[in-house]
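1. give me coordinates for this.
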Amino acid sequence: MFADTLKSMPTDWAPWFDVCHFLLAALAVRKEVGLSFSRSNPLATWLATMTASFAGSMVANPLLGKPIFGAISSEYNLGLATLVFWAVFYSPGDIVYTLVKNPALYVPICVVKEIYRAKKTLGGINDAKKVYPEHELIQIVVGVIKGNGSAFIKPFTRLVAGQWSPNKSEILKFSVTSKGCLVAAILLVLDASGYLIPPVTGDMLYLGIVTTFIMTKLSGVLAEQIDPYAPLDIVVRAATGGLWDGEVNEHSD
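-> Residues are numbered from 1 along each chain as shown. Take a look at the predicted model:
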């Protein structure tokens with residue numbers, strides 16, 4: 001099935017999915033800190049980029065009883081992320097940044113990233129299920145964190161870059177990306193528990209999640225940003241006091 005192909009692509013096409021993920025993380029940090037800061041503070045910029053690149057695991061690992069630094073236990077991935085960091089910030093003539101920001105390359109990178117995001121969300125749910133098999137809420141939380149971890153670690157990323165803005169937190173104001181990960185995680189957990197009925201189950205559900213992720217991302221890249229979760233906002237605001245208000249988070253893990 002096509003859904004199985006999408007799930008296996010990050011492994012089958014390694015390391016290209018990780019490269020696209022690291023590229024977008026580095027671009028987001030560069031947008032956040034600015035080029036001049038990166039020139040004068042390379043170590044802080046590198047640390048900020050690494051936290052953005054491995055944010056999902058860094059935040060989720062302690063919740064699952066794993067060490068935080070287990071997120072960077074792979075020297076290969078750490079080296080690859082560092083190479084991408086150098087290319088985005090310090091390549092001769094800024095050629096890598098110029099090429100990656102070109103829509104002809106940037107759009108495919110975003111598509112790959114959103115396919116990867118769905119896989120990370122599902123992977124987070126499965127990781128949590130191994131530790132908390134009877135706790136669906138925890139599975140959902142970990143799924144959201146793995147799907148958009150850089151958004152939740154962004155206050156620390158800013159702090160590393162010398163910016164302290166605790167009022168700008170994903171927990172206080174969900175981005176459209178986090179909304180999508182939350183809806184996806186809820187549906188995936190419900191499906192695994194047998195609460196959904198065809199055709200919104202299994203492969204069709206996963207295909208719908210990937211398609212929604214891609215359409216939401218590309219709408220902001222190619223035209224005006226859309227929020228497919230807007231119809232739910234009225235209900236959610238009544239229950240949470242505005243948790244879902246916000247814009248798309250450019251830091252995407």
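2. how about the helices in the stretch 151-253 of the chain?
-> Per DSSP state H, counting those that start in this stretch, the stretch 151-253 of the chain carries helices over the ranges 154-160, 176-192, 202-222, 230-240.
3. most tightly surrounded among the ones you listed?
-> Most buried of those, by mean neighbour count (mean count of other Cβ atoms under 10 Å): helix 176-192, with a mean of 22. Where C-beta positions appear, they are placed from N, C-alpha and C, glycine not excepted.
4. still on that earlier bit, so for Ala25, which of the helices of the stretch 151-253 of the chain sits nearest?
-> helix 154-160 (9.6 Å; Cβ to Cβ).
5. CA atoms only: put the closest one into CSV for me.
-> Provided in CSV are the C-alpha atoms of helix 154-160 (Å, rounded to 0.1, in the frame of the first residue of the first chain):
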residue,chain,number,x,y,z
LYS,A,154,12.2,27.1,20.9
PRO,A,155,12.4,29.1,24.1
PHE,A,156,15.6,27.3,25.0
THR,A,157,16.9,27.8,21.4
ARG,A,158,16.2,31.5,21.8
LEU,A,159,17.9,31.6,25.2
VAL,A,160,21.0,30.0,23.7
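6. which other helices and strands contact that helix?
-> On a contact count with 3 or more Cβ pairs under 8 Å, 6 or more residues apart in numbering; DSSP states H and E, helix 154-160 meets helix 16-33, helix 42-53.
7. the longest one to helix 42-53, inter-axis angle?
-> What it means is helix 16-33. Counting by axes from the mean of the first three to the mean of the last three Cα atoms, to 10 degrees, helix 16-33 lies at 130 degrees to helix 42-53.
8. give me the distance from helix 16-33 to the chain's centre.
-> Helix 16-33 sits 11 Å away from the centroid of its parent chain (Cα atoms, centre = their mean, to the nearest Å).
9. for that helix, the averaged confidence score.
-> Summarised as a single mean, pLDDT over helix 16-33 is 96.
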